[in-house]
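A.B. asks: Build me a model:
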Amino acid sequence: MEVKSQIKAIVWKIIKQPGDMVEVDDEIIILESMKMEIPISSEHKGKIKSIEINEGDEVDEGQTVAILE
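C.D. replies: Down below sits the predicted model:
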């Protein structure tokens, strides 16, 4: 299952790492846009397989930022 960015923004902080378990609505990544923090949360329960971005990266709307097992 892919976790995607809802907006174009900068990756401010990666909260969860590969191997971490997440519940629905757990924050995985925090984006920054126009000096506002936008959390990206899990829509599913599962284990993080991979994080597809790095802190400081610019992401586009719809871009995959993490993959859950």
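A.B. asks: can you give me the strands in the chain?
C.D. replies: For the chain, the strands identified by DSSP state E occupy 2-4, 9-14, 21-22, 27-33, 36-41, 46-51, 58-59, 64-68, in order along the chain.
A.B. asks: mind giving me JSON lines with those and columns for mean pLDDT and mean neighbour count?
C.D. replies: The way it works is simple: take the backbone N, C-alpha and C, and place the C-beta from them, glycine included. Putting those into JSON lines (pLDDT from 0 to 100; neighbours: other C-beta atoms under 10 Å) gives the following:
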{"stretch": "strand 2-4", "mean pLDDT": "95", "mean neighbour count": "16"}
{"stretch": "strand 9-14", "mean pLDDT": "98", "mean neighbour count": "16"}
{"stretch": "strand 21-22", "mean pLDDT": "98", "mean neighbour count": "17"}
{"stretch": "strand 27-33", "mean pLDDT": "97", "mean neighbour count": "18"}
{"stretch": "strand 36-41", "mean pLDDT": "96", "mean neighbour count": "14"}
{"stretch": "strand 46-51", "mean pLDDT": "98", "mean neighbour count": "16"}
{"stretch": "strand 58-59", "mean pLDDT": "98", "mean neighbour count": "17"}
{"stretch": "strand 64-68", "mean pLDDT": "97", "mean neighbour count": "18"}
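A.B. asks: Contact partners for the most centrally placed residue in the chain?
C.D. replies: Central residue check for the chain by C-alpha atoms, centre = their mean: the C-alpha nearest the mean position is that of residue 29, 3.8 Å away. Under the criterion of C-beta atoms under 8 Å, 6 or more residues apart in numbering, the contact partners of residue 29 comprise 3, 11, 13, 14, 15, 16, 39, 40, 51, 53, 65, 66.
A.B. asks: ditto for residue 53
C.D. replies: By C-beta under 8 Å, 6+ apart, the contact list for residue 53 reads 11, 14, 29, 59, 63, 65.
A.B. asks: Before I go, just wanted to say thanks for your time.
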